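Predicted structure and sequence below. I'll ask about it afterward.
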Amino acid sequence: MYEEGGKSASEASRGSPAPTLFAATAIGGMPVEDLQGQPLGKAVEALIECTSGTVSYVVVASSRLGSVDESLRAIPREEMSFSCDRLVALIQHQEFMRRPELESGNWPAQA
């Protein structure tokens, strides 16, 4: 039921003069692309700074070629563009793949 409220607010904001909204819970599972529109993976989580309420970084899961395993990498907020249906990393695919992999249960305080 709560998800429907977030979806309703998101849809209402698209046709209003207010900034367009999307529910924070919608970040998990959103597709992530690089600057050229190449898929990087999907967003797993967004880490939000407690004092400012702004996103610090987004964790992206990507599949390894020919493998079922996923690798996790962090992308800082400054390197992300948010939209209602996807996230765009403002970096090249190769740069994303050079980022260090995150351990599944041990994420950094800062990306």
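That came through fine.

For the rest of this, base every contact and every neighbour count on C-alpha atoms.
Noted.

how many neighbours does the closest residue to residue 14 other than its chain neighbours have?
Distance criterion CA to CA, 6 or more residues apart in numbering; nearest residue to residue 14, sequence neighbours excluded, is residue 20 at 5.3 Å. Applying other CA atoms under 10 Å, we find 15 other residues in the vicinity of residue 20.

Quick check: buried residues in stretch 42-62?
For stretch 42-62, burial by neighbour count (16 or more other CA atoms under 10 Å) applies to 42-47, 56-62.

what's the most distant pair in those?
The largest separation in the buried residues of stretch 42-62, counting by CA to CA, is between 56 and 62 at 19.7 Å.

what pairs with the residue nearest the centre of the chain across the strands?
Nearest to the geometric centre of the chain sits residue 43, at 4.1 Å (CA atoms, centre = their mean). In this entry, residue 43 is beta-bridged to residue 60, by DSSP bridges.

quick revisit: does the residue nearest to residue 14 sit in a helix or strand, and which one?
Using DSSP states H and E, residue 20 falls within no helix or strand.

what's the answer for residue 7, then?
helix 2-14.

Distance from the chain centre to that helix, please.
The chain centroid and the centroid of helix 2-14 are separated by 19 Å under CA atoms, centre = their mean, to the nearest Å.

Check which helices and strands it sits against.
The criterion is 3 or more CA pairs under 8 Å, 6 or more residues apart in numbering; DSSP states H and E, and there are no helices or strands that helix 2-14 contacts.

Now do the buried residues in stretch 11-18.
For stretch 11-18, it's none, nothing buried (16+ other CA under 10 Å).

Next: stretch 24-33.
For stretch 24-33, using 16+ other CA under 10 Å, the buried residues are 26, 27, 30, 31, 32, 33.

can you pull the contacts of the second one?
Contacts for residue 27 (CA atoms under 8 Å, 6 or more residues apart in numbering) come out as 43, 44, 45, 46.

Can you tell me which of those lies closest to residue 83?
Closest approach between the contacts of residue 27 and residue 83, by CA to CA: residue 43, at 12.7 Å.
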